[in-house]
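> A structural model of the following input is requested.
(2 chains)
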Amino acid sequence: MDREGVGGVGGKMNFLDLKFFILFMWILVMTACIFIIFVIAPISKFQIDQNEPLSFLKTSFIQATLAVIIVGILIIVLNKFKKVYLLNKLSSKKKS
Amino acid sequence: MPNFEGLVIGTVIASIIAFLINLILMPSFIKFLKLKGMVVNDNHKPNKPKVPRPAGPILLLSIVIGELILFFITGNLEIISILLTTSIAFIIGIIDDFRIMPGWFKPGALILASIPLIIFHIYDNELNVIFGSVFIPILYIPLILISIPLAGNTVNSIDVFNGVATGFMIITMFPIIISTFLFGDLEILMIELPFLAALLGFYMFHKYPSKIFPGDSGTLLMGAMYGALAIASKSEIIAIIALLPAIMNSFLFLSSVRKIVEHRELKSRPTILNEDYTLQASKDKNAPITLVRLILLDGKLSEREIVMKIYKLAAFSSSLALITILLQFIISSG
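A predicted model of the protein is given here:
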């Protein structure tokens, strides 16, 4: 059967690679969650202590800015990972 | 509000009805669509058979009836809110099924589907982020406005082969159900089960080889309801993790095309169909990168083999979601 990647070591490796891509994305999501808990969440606790309406809006603005920055960083990291992944993938394909 | 036993019986009845509506009405609907000439070519099969589309109306009907039964039992307004979101997503999808709309239409219009969730305040002011929760009453609103279009379009973009969208949704519903069981409330768990039953009923017709395609109306309503349930059950992060293969697909596509476009607008296709009806990755540098193109990088595969690989990826991401649930359970009980 002329089907690379269906069975055999080559095919399984490739599939593992895609799982690895997903695993990497999972690690990124978990890292973002940790950042949210340790950096963004304490900001709201500080605001609740203040109990002031204007401070409430300021806090939300700071939290939103930080959240956008996190998303931006995640996209940049994922983009870099994608490039490395594709480069390795294509070079291994050429070798085989 | 009936007792626990009554609620369980009500949920079982609602789920069975949602499942049966698909099973009973879909064959007649397939005949109706064929009669009206509402068919599209299934391009990945010999002789390109004509397959009816869209199945969205029957899928929506099964979900609405199942959920309304629950509403009459519980009186829970969250059901109405989720149904409104799902119905708006369906309307957006049906417009796209029958008219050629620009690329921005679906993500843009799906913002409207998020509004019932905000009006009915289905969300908690605290976002559950596994390691704890963060109090974001204002920020939650833009988050919902983004989440529903994202969920809808992500599911829509993965619907490239027979049964993929429905099978993918069924697999990824399990972590949401377990998360709701452990951390959410019973009433949301009750809403999730008729949805899963409707998906299972529809899968009988959508699985390879498809007897009917869901169309944009079907995939958008699936994605929007999934997103709404994730918000209502405080399982947003779990949903993101379960949907990672689909999110990866959208990310790869957007980062290679660098704009929101419909697949039909693309000049170069990510895959090539061979004469033996297997598919292989395109070698064109301008072709968009997609999940399927990555799967095919090692060699050609048949449609059925690709579908199975996507299901395995969904099972893998759902396993990661289950590990995350376990982690959350340990942290919250510790």
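
> for the host helix or strand of residue B:329, which positions count as buried?
Assigned by DSSP states H and E, residue B:329 belongs to helix B:303-333. Using 16 or more other CB atoms under 10 Å in any protein chain shown as the test for burial, helix B:303-333 gives B:303, B:305-307, B:309-311, B:313-314, B:316-318, B:320-322, B:324-325, B:328. The C-beta positions use only the backbone N, C-alpha and C, and glycine is treated the same way.

> hmm, stretch B:324-334 touching chain A?
Yes - on the criterion CB under 8 Å from any CB of the partner chain, stretch B:324-334 is in touch with chain A at residue B:324.

> how about the residues of the stretch 101-250 of chain B near chain A?
Residues of the stretch 101-250 of chain B lying near chain A (CB under 8 Å from any CB): B:127, B:129-139, B:142, B:237, B:240-241, B:244-245, B:247-248.

> give me that answer again for 7 Å
Contact residues (CB under 7 Å from any CB of the partner chain) of the stretch 101-250 of chain B with chain A: B:129-132, B:134-136, B:138-139, B:237, B:240-241, B:244-245, B:248.

> which parts of the helix or strand in which residue B:80 is found are buried?
Assigned by DSSP H and E, residue B:80 belongs to helix B:77-98. For helix B:77-98, a neighbour-count test (16+ other CB under 10 Å) marks B:78-94, B:96-97 as buried.

> With just CA atoms, put it into PDB.
Extracted in PDB, the C-alpha atoms of helix B:77-98 (Å, rounded to 0.1, in the frame of the first residue of the first chain):
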ATOM      1  CA  LEU B  77     -34.400  31.100  32.500                       C
ATOM      2  CA  GLU B  78     -30.800  30.100  31.600                       C
ATOM      3  CA  ILE B  79     -32.400  27.500  29.300                       C
ATOM      4  CA  ILE B  80     -34.200  30.300  27.400                       C
ATOM      5  CA  SER B  81     -31.000  32.400  27.200                       C
ATOM      6  CA  ILE B  82     -29.000  29.500  25.800                       C
ATOM      7  CA  LEU B  83     -31.700  28.600  23.400                       C
ATOM      8  CA  LEU B  84     -31.800  32.200  22.100                       C
ATOM      9  CA  THR B  85     -28.000  32.200  21.600                       C
ATOM     10  CA  THR B  86     -28.300  28.900  19.700                       C
ATOM     11  CA  SER B  87     -31.200  30.100  17.600                       C
ATOM     12  CA  ILE B  88     -29.500  33.400  16.700                       C
ATOM     13  CA  ALA B  89     -26.400  31.400  15.700                       C
ATOM     14  CA  PHE B  90     -28.700  29.100  13.600                       C
ATOM     15  CA  ILE B  91     -30.300  32.100  11.800                       C
ATOM     16  CA  ILE B  92     -26.800  33.500  11.000                       C
ATOM     17  CA  GLY B  93     -25.800  30.100   9.700                       C
ATOM     18  CA  ILE B  94     -28.900  29.700   7.600                       C
ATOM     19  CA  ILE B  95     -28.300  33.100   5.900                       C
ATOM     20  CA  ASP B  96     -24.800  31.900   5.100                       C
ATOM     21  CA  ASP B  97     -26.100  28.600   3.800                       C
ATOM     22  CA  PHE B  98     -28.300  30.300   1.200                       C
END
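
> That one packs against which elements?
Applying 3 or more CB pairs under 7 Å, 6 or more residues apart in numbering or on different chains; DSSP states H and E, we find helix B:77-98 packed against helix B:56-74, helix B:105-119, helix B:186-206, helix B:215-232.

> what's the spacing between the helix holding residue B:329 and its chain's center?
15 Å (CA atoms, centre = their mean, to the nearest Å).

> name the element the residue nearest to residue B:154 when sequence neighbours are not counted belongs to?
Here the nearest residue to residue B:154 in space, its sequence neighbours aside, is residue B:246; by CB to CB, 6 or more residues apart in numbering or on different chains that works out to 4.6 Å. According to DSSP H and E, residue B:246 maps onto helix B:244-257.
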